[in-house]
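Asker: I'd like to go over a predicted model; first the sequence, then the structure.
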Amino acid sequence: MRSIRLSFGDTAVINDLDLDAGPGEIICLLGPSGCGKTTTLRVLAGLERPDSGSVEIDGQVVCDQTVEVAPESRHIGYLFQDYALFPHLTVAQNVGFGIEGQANAAHEVRALLDRVQMGRFAQAMPHTLSGGQQQRVALARALARKPKLLLLDEPFSGLDTALKIQLRESTHSLLKEIGTSAVIVTHDAEEAMFMADRIALMRDGRIVQLGTPAELYNQPVDEFTARFLGEVIELPGQSNGTLTATVAGDFSSNKPQPTGSVSVLVRPEDLELTSEDGPYVIGHRHFIGSHTLVDLLGQDANLPDIQLSVPTAQANRLQWGQRVCPKSRRHQPLLIIK
Ligand SMILES: Nc1ncnc2c1ncn2[C@@H]1O[C@H](COP(=O)(O)OP(=O)(O)OP(=O)(O)O)[C@@H](O)[C@H]1O
């Protein structure tokens, strides 16, 4: 899609949005509630007409100022957030809906249901299925017409954590096996990192950053991206423009930096705890298995408390009130901000 703009009344919901998905590529639209993810998906599907811009699917313009191809003629599959299965049709009829007349339709339906491990439920009615089973049927139905592009809106929301993890894995494998390009909407950064080849992080109807999960996680363009993708620790620092000194060590960056008093953002896993006499003391420890979360209480007014995940064996050797110092494993910061 190119230069897409869309307003509802006076409110601009999509602002000049460009997005491409390569063959077989999985793109995740990630962002907070209301940033325009679902609307972007609906524009791709033809369920919403943009005020300007164009949409092309597999080399064919399906929407611009003069063209408007109907949703059913766009060769897309759409997996709705609530799955939207037809309640009065069986599982097999749901999957076969729209391909009934085609040669081999029954065989295709059976093969798809087997692929999503729902073969033995072919004659079941949707209301008798669990949420996870309904999701798999809806996925099979979305794939039945062999779409050029598959659109999935929050495909794992409303499922419990264990099932979500299992379905993410199986959906990812299936999409990669079939090789369909897909755009997935989610507000869950971990889910986006798991599923996506590239993530488009959105805010206020714009893409803030587009890149691989590792690029967004390790080289965020701004504080919003850094915090949205994972936990961040903020260390106060003094910068001369090239080198920034903090309690956890010196940071240098090849990008221009602000000078004077700054904040250095780092990922918690880039800090290690040393028993060196430092400006923090040990506070509460929260055992969570192989690691323990340790509260470090800043002993200086401008040093906020932080929490680090420390191997439990090391954490058990720490004493309440002991002075310690975190050290950075890397000299490259995530970001330096004023
Ligand atoms: N048909 C509509 N009429 C008016 N406003 C709408 C309409 N559809 C969406 N909006 C508004 O557009 C904005 C973006 O909505 P959208 O559903 O695309 O966001 P989202 O990022 O998918 O959010 P969520 O994760 O909560 O679903 C929101 O402020 C929403 O209230």
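Answerer: It's in.
Asker: which bits of the stretch 151-300 of the chain sit near the ligand?
Answerer: residue 187 (C-beta under 6 Å from any ligand atom). C-beta: built from backbone N, CA, C; applies to glycine.
Asker: any idea of the pLDDT on the most centrally placed residue in the chain?
Answerer: Centroid check for the chain by C-alpha atoms, centre = their mean gives residue 192 as the closest residue, at 2.3 Å. Predicted confidence (pLDDT) at residue 192: the value is 98.
Asker: again with the one 5 residues further on
Answerer: Note for residue 197: predicted pLDDT of 98.
Asker: would you agree it is in contact with residue 23?
Answerer: No - the criterion here is C-beta atoms under 8 Å, and residue 197 misses it with residue 23 at 11.0 Å.
Asker: with neighbour numbers in mind, choose between the two.
Answerer: residue 197 (16 against 9; other C-beta atoms under 10 Å).
Asker: what's near enough to touch the residue nearest to residue 332 when sequence neighbours are not counted?
Answerer: Nearest residue to residue 332 in three dimensions, chain neighbours excluded: residue 253, at 6.4 Å (C-beta to C-beta, 6 or more residues apart in numbering). Residues in contact with residue 253, defined by C-beta atoms under 8 Å, 6 or more residues apart in numbering, are 242, 244, 332, 333, 336.
Asker: give me the buried stretch members for whichever strand or helix holds residue 106, please.
Answerer: Assignment of secondary structure by DSSP states H and E places residue 106 within helix 105-115. In terms of neighbour count (16 or more other C-beta atoms under 10 Å), helix 105-115 has its buried residues at 108, 109, 112, 113, 115.
Asker: wait, the first one touches residue 99, no?
Answerer: Spelled out, that is residue 108. Yes - Residue 108 is within contact range of residue 99, at 6.7 Å (criterion: C-beta under 8 Å).
Asker: returning to that earlier point: which residues does the helix holding residue 106 contact?
Answerer: If you take C-beta under 8 Å, 6+ apart as the criterion, helix 105-115 is touched by 91-92, 95-96, 99, 102, 119, 121-122, 137, 140, 143-144, 174.
Asker: the next helix or strand after that helix to helix 105-115, inter-axis angle?
Answerer: Where DSSP H and E defines the elements, the next helix or strand beyond helix 105-115 is helix 131-144. Here helix 131-144 runs at an angle of 140 degrees relative to helix 105-115 (axes from the mean of the first three to the mean of the last three C-alpha atoms, to 10 degrees).
Asker: just checking, what packs against helix 131-144?
Answerer: With contacts taken as 3 or more C-beta pairs under 8 Å, 6 or more residues apart in numbering; DSSP states H and E, helix 131-144 sits against strand 76-79, helix 91-96, helix 105-115, strand 149-153, helix 161-178.
Asker: list the buried residues of stretch 186-201.
Answerer: Buried residues in stretch 186-201, counting neighbours by 16+ other C-beta under 10 Å, are found at 186-189, 191-193, 195-201.
Asker: just the ones of the residues you listed in helices?
Answerer: Among the buried residues of stretch 186-201, the subset assigned to helices under DSSP state H consists of 189, 191, 192, 193, 195.
Asker: quick one: which of these is nearest residue 288?
Answerer: Minimum separation from residue 288 among those (C-beta to C-beta) is found for residue 189, which lies at 19.8 Å.
Asker: nearest to the ligand: which residue in the stretch 51-200 of the chain?
Answerer: With C-beta to the nearest ligand atom as the measure, residue 187 is the residue of the stretch 51-200 of the chain nearest to the ligand, at 5.1 Å.
Asker: before we move on, back to that, identify the farthest-apart pair in the contacts of helix 105-115.
Answerer: Using C-beta to C-beta, the two most remote members of the contacts of helix 105-115 are 102 and 121, lying 22.2 Å apart.
Asker: who's more crowded, those two?
Answerer: Between residue 102 and residue 121, residue 121 has the larger neighbour count (other C-beta under 10 Å), namely 19 against 12.
Asker: hang on, that one packs against residue 134?
Answerer: No - checked against C-beta under 8 Å, the pair residue 121 and residue 134 is beyond contact range at 10.1 Å.
Asker: hmm, what's the outermost residue in the protein?
Answerer: Farthest out in the chain is residue 277, which, by C-alpha atoms, centre = their mean, sits 39.6 Å from the centre.
Asker: restricting to C-alpha, output stretch 45-58 in PDB.
Answerer: Taking Å, rounded to 0.1, in the frame of the first residue of the first chain, the C-alpha atoms of stretch 45-58 are listed here in PDB:
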ATOM      1  CA  ALA A  45      -9.200  -6.100   2.500                       C
ATOM      2  CA  GLY A  46     -11.400  -3.500   0.800                       C
ATOM      3  CA  LEU A  47     -13.700  -3.200   3.800                       C
ATOM      4  CA  GLU A  48     -12.700   0.500   4.200                       C
ATOM      5  CA  ARG A  49     -12.000   2.900   1.400                       C
ATOM      6  CA  PRO A  50      -9.100   5.200   2.000                       C
ATOM      7  CA  ASP A  51      -9.400   9.000   1.300                       C
ATOM      8  CA  SER A  52      -6.200   8.700  -0.800                       C
ATOM      9  CA  GLY A  53      -3.400   6.400  -1.700                       C
ATOM     10  CA  SER A  54      -3.300   3.000  -3.500                       C
ATOM     11  CA  VAL A  55      -3.300  -0.700  -2.700                       C
ATOM     12  CA  GLU A  56      -1.700  -3.300  -4.900                       C
ATOM     13  CA  ILE A  57      -2.100  -7.100  -4.300                       C
ATOM     14  CA  ASP A  58       0.100  -9.400  -6.300                       C
END
